[in-house]
Every structure is written in C-alpha cells, then in structure tokens.
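Undergrad: This is the structure alone, sequence omitted:
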C-alpha cells in the first residue's frame, strides 16, 4: 500500500530524517517507535505533505504522491491524526465528526459512518451536542481519531495517540486502534509506548536520530536486546 524510499528531511540545515525507508501492506497495523525527537512526527508530516523531503520518493498503491499538495493526498485516502488531540473547540462533537468527512460526497454514506463512529466510541454519541472544549483529554483523543476515520481512509496515520493520557486511557486508545484495524482500516502509528504498541502491531520500525535502525514483527522486536535495553530498561 505505502512504500517510502530513502526520504531525507531537513529543518533549515539540521538533518531530521536520513534515508528513511519502510513499507506498509494493506490491512496491516504498523508502528514506528522511538524516543522523543527521533523524527517520528516528521515522518507523518512528510507523508501528508506538511513537510517536504529534499530526497527520496513516496508511493501509495504504486503511485508517487511526494509531489502532491496535502488536500490531494487526503483525497486519495490518507487520513492524518496529528498529536495533541487537535479538535475544533467551538464546534459540537457531531460537527467535528462531519468536518472529517469533507472529502466525501455521498451524504447517506457519511451518516452511516457517523453511526459507526458512535458505536466504536459510545461516549461521543452520548455527548454529540456538546462542544469540543468541554471534553476531557481522553474524550478529545477519541474524537480526534473518530474524525480521522470519518474520511473513510484507506490508510489512517496516528501521531502519538496516547500522549498525555493516563495509563488506563492510553491503553484503551491503543487497543481501540487494534479494533479499528480488525474492521479493515490499515494503520500507521508513531508511538513512544514501545511495549504496548509492539505487542499489537504486525510490523514495527525503530527510529533513532532520524534513521531506521531495526525492523521486524512487533513481538520479535520486543525480544531484541537493543529494544529491551534502550526502551524497556531491562
């Protein structure tokens, strides 16, 4: 589905990503893990064309997309949920969700997806008329993910969905991602909670100082000495 080939990104003269390559197959749950400032967020911003790579290519279903503007990438079926639980505070939950469906024309289909989101995140249905600013951190994150899914994406990209949440809520969010994948949506997640996410994903990539230093099945990575020492403190 997604093929990233040797992308390199700089902010001014500072190298942030250096020859990063990875694959996401259709139907997979794939994670990019690493410490703060490793470049994880920059990868997703580059895929969404919010940041430009000075080297490398990005292919989506065998079509190059690295030259496209963000709105065309979204229209092709890539939905990006950025870190920070960014929602429209002055809009209601329902209005926030409908904004997420702006790339779709079939209103009946949109309403059906809305009901699917309410089934996946019951708290959003209970509070659909409340404004976004009244929600807790966990509720805001659920809304942000649901809004991304309202576009009915072929690929859902999640940037640190558990950031700033309590351990119970962060685990709930990560396990909700697994449920989303079971329903047929391909997911690419970047996350600091290495143990929790690698237990669930099909494939993981370890990013360190802007470079992929290891890749493999999630459970295999958890058994590696490098991961156990660098990220799990073992």
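TA: Good, I have the coordinates. Here the structure is a predicted model, which is why all the values come from computation and not from measurement. Numbering: from 1, shown residues only.
Undergrad: Give me the distance between the helix ranked longest in the chain and the centre of its chain.
TA: Determined from DSSP state H, the single longest helix within the chain is helix 167-182. Here helix 167-182 is found 12 Å from its chain centre; the criterion is C-alpha atoms, centre = their mean, to the nearest Å.
Undergrad: dump the residue contacts of the spatially most central residue of the chain.
TA: With distances taken as C-alpha atoms, centre = their mean, the residue of the chain nearest its centroid is residue 158 (1.4 Å). By C-beta atoms under 8 Å, 6 or more residues apart in numbering, the contact set of residue 158 is 81, 145, 148, 177, 187-191. In short, each C-beta sits where N, CA and C put it, glycine included.
Undergrad: quick one, helices of the chain?
TA: 40-47, 70-75, 93-99, 107-120, 122-126, 137-149, 167-182, 194-198, 218-223, 225-230.
Undergrad: sorry, back to before: report the angle between the longest helix of the chain and helix 137-149.
TA: When axes from the mean of the first three to the mean of the last three C-alpha atoms, to 10 degrees is applied, the directions of helix 167-182 and helix 137-149 differ by 20 degrees.
Undergrad: would a markdown table of the contacts of residue 158 with pLDDT be doable?
TA: Below are the contacts of residue 158 laid out as a markdown table (pLDDT from 0 to 100):
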| residue | pLDDT |
| --- | --- |
| 81 | 91 |
| 145 | 90 |
| 148 | 90 |
| 177 | 86 |
| 187 | 95 |
| 188 | 96 |
| 189 | 95 |
| 190 | 92 |
| 191 | 85 |
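Undergrad: can you list these in JSON lines and add neighbour count and distance to residue 115?
TA: Listed next are those as JSON lines, based on neighbours: other C-beta atoms under 10 Å; distance: C-beta to C-beta, whole Å:
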{"residue": "81", "neighbour count": "24", "distance to residue 115": "20"}
{"residue": "145", "neighbour count": "24", "distance to residue 115": "16"}
{"residue": "148", "neighbour count": "20", "distance to residue 115": "17"}
{"residue": "177", "neighbour count": "23", "distance to residue 115": "20"}
{"residue": "187", "neighbour count": "22", "distance to residue 115": "21"}
{"residue": "188", "neighbour count": "26", "distance to residue 115": "26"}
{"residue": "189", "neighbour count": "26", "distance to residue 115": "25"}
{"residue": "190", "neighbour count": "25", "distance to residue 115": "29"}
{"residue": "191", "neighbour count": "25", "distance to residue 115": "29"}
